[in-house]
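> Sharing a model prediction with you, sequence too.
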Amino acid sequence: AQGVDVIGVAPVVASGWETVIQEAKDAGIPVILVDREADVSEDLYATFIGSDFVWEGERACDIMATFLEESGNVVELQGTVGASAATDRMTGFTDCVAEKYPEMSIIATQSGDFTRAKGKEVMEAFLKTYGEEIDALYAHNDDMAIGAIQAIEEYGLKPGEDITIVSVDAVRGAFEAMIEGKLNCTVECNPLLGPQFFELALQVVNGEEVPKWVPSEEGVFYPDQAAALLPER
């Protein structure tokens, strides 16, 4: 309606975007998907800039296997149901466990909705049901992991020691938790996409060819790096 030159969309959930993105295309306005993908035909949007969420899940799986020496019971805190990040992080982790680590078992999985409060609530339920059978927690984001850490402590166990915890995002709170010895690893999901998005938008508006997917640069961080890197987060 405002006749803008380009639209950036960060879809919270993947579905339900076909009609409105088609309207943008009909109006001659290119759409760039930022951080999350949408379940639409590739010809409807110009490019997607963001993470490889499946890779994040696979990476978390391999790291977890190293900590557990490839054997143990894992509980999983999923992100928001229907979000591409949650779906893909679960797929990457689950497929990796099934294909490579037969002695590792995902004994429970439930959505914590990417929030600290819900992560704590679901972890409390996991602990009530499984207690000390739980060897490790895989959380789809750091906020849920931090909520779960509170639940584990209130249960009387030591997070990071009695229960190994691997999460995704690499936000500041995760580095603080690693410094305290309560989180074992965080797999980065780089949120600093603004500069890359700006450059992509210029290229798209100027009619330059761009890849259909522009991966964001990401790393993996452990407690021994946390103190040095905390000021940068």
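Great, that's in hand. Numbers count the residues shown, from 1 in each chain.
> only C-alpha atoms for contact and neighbour calcs from this point on.
Noted.
> ok now stretch 174-182, how far from the chain's centre?
Mean-position distance between stretch 174-182 and its chain equals 18 Å (Cα atoms, centre = their mean, to the nearest Å).
> Please apply the same query to stretch 135-154.
Per Cα atoms, centre = their mean, the centroid offset for stretch 135-154 relative to its chain is 14 Å.
> Extract the C-alpha set from it and format it as CSV.
The C-alpha coordinates for stretch 135-154 follow below in CSV (Å, rounded to 0.1, in the frame of the first residue of the first chain):
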residue,chain,number,x,y,z
ASP,A,135,21.7,-37.5,31.3
ALA,A,136,21.4,-34.5,29.0
LEU,A,137,19.2,-31.6,27.7
TYR,A,138,19.1,-30.3,24.1
ALA,A,139,17.4,-26.9,24.0
HIS,A,140,16.4,-25.2,20.7
ASN,A,141,17.4,-21.9,22.2
ASP,A,142,19.4,-20.5,25.1
ASP,A,143,16.4,-18.9,26.8
MET,A,144,14.7,-22.3,27.3
ALA,A,145,18.0,-23.7,28.5
ILE,A,146,18.3,-20.9,31.1
GLY,A,147,14.8,-21.7,32.3
ALA,A,148,15.7,-25.4,32.4
ILE,A,149,18.8,-24.6,34.4
GLN,A,150,16.6,-23.0,37.1
ALA,A,151,14.3,-26.1,37.2
ILE,A,152,17.3,-28.5,37.5
GLU,A,153,18.8,-26.5,40.4
GLU,A,154,15.4,-26.4,42.2
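> quick one: buried residues of that stretch?
Buried residues in stretch 135-154, counted by 16 or more other Cα atoms under 10 Å: 135-152.
> The protein: helices as residue ranges?
Counting by DSSP state H, one finds helices in the chain at the ranges 18-26, 53-68, 84-100, 116-130, 142-155, 172-179, 194-205, 223-229.
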